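> turn this into a model:
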Amino acid sequence: MNIRRSVAALSLCAAVGAAAAPAAVADDSPAGRSEGLYGAKDPKFDGVWRQSLALLAQDAVGVTPAKSAIDWLTGQSCADGGFAAYRADTSKACDPKKGEFTDATAAAIQALAAVGGRADTVEKGIGWLKSHQNEDGGWGMNPGGPSDANSTSAAIGAFAATGQDPAKVSAKGGKSPYDALLALQLGCSAKAAERGAFAYTADKGKPVANELATASAALAVQGKGFVFETVGKDRGAAPEPLSCADGKGGAGTTKDTTKAAEAALAHLSRVMSDTDMHLKSAMPGAKDQPDFGGTADAVVALAAGEHSATAGKPLQWLQGKDSGAAAWAKGDPGALAKLILAAHAAGANPRDFGGADLVQQLNATGPKPEAAAKGAESDGKNEKSEKKSDDDGGVGGVWWTVGVCAVVGVGIGFLLSGRKRRQL
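Okay, the predicted model is just below:
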């Protein structure tokens, strides 16, 4: 995935209780869909999330999103810069304590930074994240909530997408987002099968390995969000597992983010190798079934670490006709975007994903795009040719393209993204 250098930039648990106001319908939109919004399903829990992913995926493959789609996402911003999961009536004020979400805000920032032209909204969103950073350096799903791996990872992606070094985004106590994440990584004192994995949160005692949190954190500790420049590269070696030769252990074993990322990627690779190259659903009570969104997140994280060959194995599984991924993503803009971003990150062609054109399918779920770069993604590796001016995206002048996420939702984000939050 690739946010443009010139202006570049995981669960939504909305408490939108009021009934939705009548939605305006665009001429080119199916009946019942708000103008500019992707997808026909109720956006109450994932409107901002799926819209953000859709814009990012289109931008990554050289498609210029419709202005109405960008306007819709911009209009969802609250007065203080944060984003709710979905605002049916944007004339009503947001609830700053429980109606705004880190994941939604971070995803929207990355998307608006990528497409450009919404500098004020992006800057206010960054300000919102900074004002709600916890003392341990991380973020919770809601303001003031305990830091979790997925929300913190999404926030890191937002800062990286706007040209800011996440390591320098410090809380009052001087701790950075990386401090919060590394404290959630299981070290040498954990079971061998869990070493290198990340827990979702540690607020209820001993951290527990969570593959979806691991996929999110493995991307974030590399300083990347949903989009990054190392598309299709491979360092020629498998991810390096956590070294426990010195006998030391415990969560937060290493302060080296590169080693932390490698250990997390090695854990994901090991887990997927035992399950026909995919992650399984981690939702409590769920049947023994594949987690397509989580597997796509793992592909993205591996590709970000320049392990495209390793990422290619679960990507190949996703493309397989028997995997069920195509049926899972059909008509769902967020799911389609995840598959597109995974394919693009690993150097594959999302226009020929197991014989399906995912880009065309995504475009069909929303307003007609403005344009597509000539020959974009014709070989799975081409970049969008157009450049945006420095004032198109927001904070910090020229923005470098970087990578996300992945949202393990408490009761909601998993509906779209496949990221389910769990604390055992």
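> so how far is stretch 162-179 from its chain's centroid?
The gap between where stretch 162-179 is centred and where its chain is centred comes out at 19 Å by C-alpha atoms, centre = their mean, to the nearest Å.
> next, the buried residues of it.
Residues Thr162, Gly163, Gln164, Pro166, Val169, Ala171, Lys175, Ser176, Pro177, Tyr178, Asp179 are the ones in stretch 162-179 that count as buried (16 or more other C-beta atoms under 10 Å). No exception for glycine: its C-beta is placed from N, CA and C like everyone else's.
> tell me the one of these nearest Val208?
Asp179 (20.0 Å; C-beta to C-beta).
> not counting its neighbours along the chain, what's nearest the closest one?
Distance criterion C-beta to C-beta, 6 or more residues apart in numbering; nearest residue to Asp179, sequence neighbours excluded, is Gly137 at 4.3 Å.
> so what's the one you found up against?
Residues near Gly137 by C-beta atoms under 8 Å, 6 or more residues apart in numbering: Ser147, Thr152, Ser170, Ala171, Gly173, Lys175, Ser176, Pro177, Tyr178, Asp179, Ala180.
> repeat for Leu315
Contacts here follow C-beta under 8 Å, 6+ apart; on that basis Leu315 touches Val299, Ala342, Ala343, Ala346, Ala348.
> what about this protein, any weak spots by pLDDT?
1-33, 203, 246-254, 283-286, 373-424 (pLDDT under 70).
> now the element after the top helix by length along it, going C-ward?
Looking across the chain with DSSP state H, the single longest helix is helix 257-273. Using DSSP states H and E, the helix or strand that follows helix 257-273 towards the C-terminus is helix 292-304.
> other SSEs contacting that following helix?
helix 211-220, helix 257-273, helix 308-319, helix 325-329, helix 333-345, helix 413-417 (3 or more C-beta pairs under 8 Å, 6 or more residues apart in numbering; DSSP states H and E).
> how far off centre is the third one?
Put plainly, it is helix 308-319. With C-alpha atoms, centre = their mean, you get 18 Å for helix 308-319.
> could you do the first one as well?
Taking C-alpha atoms, centre = their mean, one finds the center of helix 211-220 at 10 Å from the center of the full chain.
> so which bits of that helix are buried?
Glu211, Leu212, Ala213, Thr214, Ala215, Ser216, Ala217, Ala218, Leu219, Ala220.
> go ahead and confirm the fifth one touches Ala303.
No. Between Ala215 and Ala303 there is no contact under C-beta atoms under 8 Å: 11.6 Å.
> ranges for the strands of the stretch 101-250 of the chain?
Taking DSSP state E, counting those that start in this stretch as the criterion, the stretch 101-250 of the chain carries no strands.
> tell me which stretches of the chain form helices.
Using DSSP H, helices in the chain cover 47-60, 67-75, 102-115, 119-131, 149-160, 177-182, 211-220, 257-273, 292-304, 308-319, 325-329, 333-345, 358-363, 413-417.
> between the ones you listed, which gets nearest to Cys244?
Of those, nearest to Cys244 by C-beta to C-beta is helix 257-273, at 10.0 Å.
> can you list contacts of the closest one?
178, 181-182, 185, 193-198, 209, 211, 214-215, 217-218, 221-223, 238-243, 254, 278-279, 295, 298, 301-302, 305, 307, 310, 313-314.
> and those residues, which are buried?
178, 181-182, 185, 194-198, 209, 211, 214-215, 217-218, 221-223, 239, 241-242, 254, 278-279, 295, 298, 301-302, 305, 307, 310, 313-314.
> residues touching Asp288, list them.
Counting by C-beta under 8 Å, 6+ apart, the residues that Asp288 touches are Lys280, Ser281.
> done for today, thanks.
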